[in-house]
Structure formats: structure tokens, C-alpha cells
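Participant: I'll drop the sequence and a predicted model, then ask my questions.
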Amino acid sequence: MFTLDRLRALNAVAQHGSVAAAAAALHVTPSGVSQQLAKLEREAGHELLVPRGRGVRLTRAGQLLARHAERVLAQLAQARTDLELLREDVLGPLRIGAIPTCVHALLPPALAVLGEQHPRLEVTLREGEAEDTLPQVVAGDLDVVVVENWADRPVALPSATTHVTLFSDVADLALPAGHRLAHRRVVDLAEVGDLPWIAWTAGTGCHEWLVQVLRAQEVEPRISCTVGGYPTQLALVAGNAGAALVPRLARGPVPDGVRIVATRPALNRTIIAACRAGEESHGGVRAALDALREASARFTAR
């Protein structure tokens, strides 16, 4: 009922005043327009047109239906435009996943850029570790994810994804200010065997990374606190609860009672943005990668 071709024929007659003029505008024959209008009248149950001189006049029912037809066709045209923009430009839903340190430090400026440059994007953000977010990219539940890649614990990137490196980061050692090594500029991790450690929640990649790093230096970590969030870890260090390894990206103001020192060996990581292979140059994904690069450049410069 009320197919687009029939609504289009009525709309053309309403605009041009005759079947012949409507047929010329639609690039069809006058008989083709007349057939569409006859079918539309039967479906509507009302007379839609009456003769007027060499043209036609819309009845009240015809005028009413023509107004609806105009709105329907305009909405359809907008839908086509939006779909073209989705292919060429940036709009619609964009789902981002990111590790906690990047949610805290990198995503706020990146989302600000996206909001300013692409106001028609509908961005949602989900916090999660790489082991959770990368499978969601492959499954199509996330569009872009930001993950970390430690030099001594590389992340396994699925073959169905592609990635860009955003910047390099370093983790430093956070010690209580009164610790015997707190005056040093660089500390061998093998020397820090007398303190308990503050780590992320057991089972997370960050927790496993800390254990792996210390065991590589022949230090068996005594983990006293497991908490998410580096600001909380630093507060616990200030309270003399132990030591922590804190990436620079995640480090805000250092509380009183904490000393930050470099480590030997250096603990390097790269921050990576990943998406499904083939989508890195399209629409919102492209815009997200550009915004993440811009935010990363600001961090690197700082």
C-alpha cells in the first residue's frame, strides 16, 4: 500500500500541476504516471485528482496525501544522504573501548576533539583490558579499542584486526618517601625485595605484568593490596602500604610521601589503537583514530 513510486507520482503532480509535466520531471511516460495515480486512488479509497483545464487539481484527500508524500520522500532523501555521509563522512554510532589508564588520560581530549569536529557522531566509551576488548572488536561489538603493549609482555592482536601505534610510555617505581632507596634517581628492581607491592586486581593483565616483571628480576612479589586505579595505588604508597609500578600516562599529581624513581631495566610500553581490518579508513573509525593521534601528540609533547 502507498508504494514510493505512487507517492512520488502524486508529489510530482502536486508540484507541476499536470500529469504530463509530472511525467517529464520523473522521466517516465504520462501513461505510467496515470497508472500509478489510479492505483493510489484505489488504495487510498478516495478520489485524489480532478481535471482542471489542461491540467489537474488535487482534491482535499489528494492535498492531504500529497503533504504526507512530500514528508515521506524528504525523509527518504535524508536517509540516503545520511548513508552516503556514513560512507564518506562521520556520523552515527561509534563504540570505543580502552584500558583504564587511557580512559583517564587519553580519551577525554580525544572525545573532546570528536565532539567538536564531528557533532553527529554518537560515541560510547567502555573501559576494559585488552583481553576483554580485543575479542569485542573482532565480534563487532566495539569499533575501536585502545590497548597497551609492554615490551616484556606483548599483546596478542587478532589477525582480523589492524592497529596503529599512538605513542610510547614508561612505567616508573613509586616508593614511600622514607624508603632507603627513595633518594635514588634509578633503582634496580632486584633491590626492592623488602617491600610489599600494590597491584591491580588479580587476574588482570596489569597484575600479571607486575608479577612477571619482578620475577624476571628474581624478586617474588609479596602483594599486599590489589586495587584498580593508579591514583589509589599512589595514595597507598604514600600511606607506606608498599611500592607500585606506575606508567607515566597514568600519573597525575604525586601525593606527599611518594617518590618516583626510574627503574633498571626500563619498563617500556606502547599504546595501540586497533580496529577491524579494512575499517581504518572509514567514517567514525577514521575520525576516532585521528582524534587519538592528536591527543597522543599532546601527551608526548607534554
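Facilitator: Happy to help now that I have it.
Participant: where are the low-confidence patches of this structure?
Facilitator: Per-residue confidence for the chain (pLDDT under 70) gives these ranges: 1, 81-89, 302.
Participant: What ranges does it have for its helices?
Facilitator: 4-16, 19-26, 30-44, 60-88, 100-105, 107-117, 130-139, 205-216, 230-238, 283-301 (DSSP state H).
Participant: Now do V123 against S34, distance only.
Facilitator: According to C-beta to C-beta, to the nearest Å, V123 stands 50 Å off from S34. Placement of C-beta: from N, CA and C, glycine included.
Participant: follow-up on the earlier one: output the helices of the chain as CSV; include the columns distance to A266.
Facilitator: Listed next are these as CSV, based on distance: least, C-beta to C-beta, whole Å:
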stretch, distance to A266
helix 4-16, 65
helix 19-26, 71
helix 30-44, 75
helix 60-88, 44
helix 100-105, 18
helix 107-117, 26
helix 130-139, 21
helix 205-216, 11
helix 230-238, 18
helix 283-301, 17
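Participant: looking at these, which is closest to V164?
Facilitator: Among the helices of the chain, helix 283-301 comes nearest to V164, with 6.0 Å by C-beta to C-beta.
Participant: quick one, the closest one and helix 60-88 angle?
Facilitator: Computed by axes from the mean of the first three to the mean of the last three C-alpha atoms, to 10 degrees, the angle separating helix 283-301 from helix 60-88 equals 40 degrees.
Participant: which helices and strands sit right next to helix 283-301?
Facilitator: Helix 283-301 is packed against helix 60-88, strand 92-98, helix 107-117, strand 144-150, strand 161-176, strand 267-276, with contacts defined by 3 or more C-beta pairs under 8 Å, 6 or more residues apart in numbering; DSSP states H and E.
Participant: related to what we said a few turns ago, now tabulate the helices of the chain in a markdown table and tack on distance to A244 and mean neighbour count.
Facilitator: Formatted as a markdown table, those follow (distance: least, C-beta to C-beta, whole Å; neighbours: other C-beta atoms under 10 Å):
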| stretch | distance to A244 | mean neighbour count |
| --- | --- | --- |
| helix 4-16 | 64 | 21 |
| helix 19-26 | 72 | 19 |
| helix 30-44 | 73 | 17 |
| helix 60-88 | 44 | 14 |
| helix 100-105 | 13 | 20 |
| helix 107-117 | 22 | 17 |
| helix 130-139 | 20 | 18 |
| helix 205-216 | 8 | 17 |
| helix 230-238 | 4 | 20 |
| helix 283-301 | 21 | 19 |
